[in-house]
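**Q** coords please:
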Amino acid sequence: MTLSPVLTRSVLALFAAAAVQASEPVRPFPGSSPTDLTRGLPATAFQPRLLPEREAIESYSLWIQLEDGASLLVSLLISNMGRPRQPAVAVSLYPASGPRLEANLELPPDALSHSATRVQAGRNSLEQLTDGRYRLRLAVPLKGGGDLSADLTLAPTVPPYRRGEGRVELGSSRRFFELMVLFPRARVEGQYTYGGTVRPARGMAYGDHTAQNVWPHHIANRWFNFRFFSDELVVACTSFVTPPRFGTRPVAHVVVADASRLLFATDQPDLQLRRTARDPESSYLIPQEVHTVLTGDGMRIELNVPTPRPLERLYLLQDLNPLLRAFLRTFIARPYTYRYRVPAVARVTQRDGSSSRVNGTFLAELIFVNE
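**A** Modelled structure (predicted):
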């Protein structure tokens, strides 16, 4: 789940300051049980929801870590916030070294096509193939000039997952956030091109399908999402803190897998953003260290990751008119995203008490909507 600049600018331009309301109930993932790990996803998990509400957004989000050190974050989005069923594409490519390459593309509604196994926005598509693999195709203009294209196959090595019915129910008015993990881990092969150079793409990926029928600033004040990629272990955490309207409550969804199977899942991680320092631009408190302990099915996984500086800071209102930007910042939201990519070590304790250290890559984003 990412709050893309494409949607943030259009969404926040529509917001009106909300009146303070009494706290409403939140039901995270009702119906969840240990058998979730074995039941997979319904046949409709990939199919676009096409929700009718004005606030509706859904996203197909991919986190891809390549062997050449590059990281690729992709979201194919459908939103009713500008025009009904309007598609958009948000791409961030972080090479092994050098600045980020960014593409944020809004398209007219007639550029959207879809089926039970495919979603397409213009020349960009994600398709579920008959053999269980996925194919991602990108063709987007980069901010600052040039183009980025990609043709990747994503072969899941771990079964899909949803916790309970996959939904966090918000309040009593049928509002929800839905999360379906299409693949906790997939093998990536193909190629990508920018700057006139074709590059081979090999690595691993995480992918999910999310949908919501509530304004982003009503779901969360803050998100913290991370993926830990290694040959032996993958950890995928999506977490947020609800605004006061929903009790300022932490909500988390964590799935842990090895190379071929789900190990356990939890919605009760010990997740701490430590040694915070105030960012002088945003005034938000940014962690210098991320610490988490995950337990399930007799296993324990500990990650203690130094994050002395973000890979990048993104101010999601930066392209707005200065007067509108000042109004939104003062009265409604101050959306910033901080992204991190650092080497990390997971300490794994097995059921029999044996322990090991697993080296991997920690890829994360910290999103402040308004805190």
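**Q** Test my guess that residue 290 contacts residue 308.
**A** No: with contact defined as CB atoms under 8 Å, residue 290 does not reach residue 308; the gap is 11.3 Å. Glycine gets a C-beta too; all of them are placed from N, C-alpha and C.
**Q** Looking at those two, which is more packed in?
**A** Per other CB atoms under 10 Å, whichever of residue 290 and residue 308 has more neighbours is residue 290, with 24 against 12.
**Q** who does the more buried one bridge with?
**A** Counting by DSSP bridges, residue 290 forms beta bridges with residue 273, residue 305.
**Q** start at 14 instead
**A** All right, first residue 14 from here; so that's residue 303.
**Q** From residue 374, how far out is it?
**A** Using CB to CB, to the nearest Å, we find residue 303 at a distance of 14 Å from residue 374.
**Q** same question, residue 167
**A** In terms of CB to CB, residue 167 sits 17 Å off from residue 374.
**Q** between these two, which one's more packed in?
**A** Neighbour tally, residue 167 and residue 374, criterion other CB under 10 Å: the higher count belongs to residue 167, 25 against 17.
**Q** didn't that one look like it was pressed against residue 147?
**A** Yes: under the criterion of CB under 8 Å, residue 167 makes contact with residue 147 at 4.2 Å.
**Q** okay, and the common contacts of those two?
**A** With contacts taken as CB atoms under 8 Å, 6 or more residues apart in numbering, residue 167 and residue 147 have 196, 199, 220 as neighbours in common.
**Q** Let me know the closest of those residues to residue 190.
**A** residue 220 (17.3 Å; CB to CB).
**Q** Which strand residues bridge that closest one?
**A** Beta-bridge partners, per DSSP bridges, of residue 220: residue 75, residue 196.
**Q** Quick one: residues contacting it.
**A** Taking CB under 8 Å, 6+ apart as the definition, contacts of residue 220 comprise 73, 74, 75, 76, 147, 167, 194, 195, 196, 199.
**Q** how about the shared contacts of residue 167 and residue 147 in TSV, adding pLDDT and distance to residue 59?
**A** Formatted as TSV, the shared contacts of residue 167 and residue 147 follow (pLDDT from 0 to 100; distance: CB to CB, whole Å):
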residue	pLDDT	distance to residue 59
196	97	11
199	98	14
220	98	10
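**Q** how about the strands in the stretch 14-163 of the chain?
**A** 39-41, 70-79, 84-92, 99-107, 114-119, 125-127, 131-134, 137-141, 147-154, 160-169 (DSSP state E, counting those that start in this stretch).
**Q** Need the residues that contact stretch 77-85.
**A** Contacts of stretch 77-85 (CB under 8 Å, 6+ apart): 75-76, 86-87, 104-110, 163, 165, 201, 205, 212-218, 240, 242, 354, 374, 376.
**Q** Now do the helices in the chain.
**A** 18-25, 49-52, 229-232, 335-344 (DSSP state H).
**Q** helices and strands around the second one, which ones?
**A** The contact analysis (3 or more CB pairs under 8 Å, 6 or more residues apart in numbering; DSSP states H and E) places helix 49-52 against strand 275-279.
**Q** Check which helices and strands the strand it packs on sits against.
**A** Strand 275-279 packs on helix 49-52, strand 263-270, strand 302-309, going by 3+ CB pairs under 8 Å, 6+ apart.
**Q** repeat that with 10 Å
**A** helix 49-52, strand 188-207, strand 247-254, strand 263-270, strand 302-309, strand 312-319 (3 or more CB pairs under 10 Å, 6 or more residues apart in numbering; DSSP states H and E).
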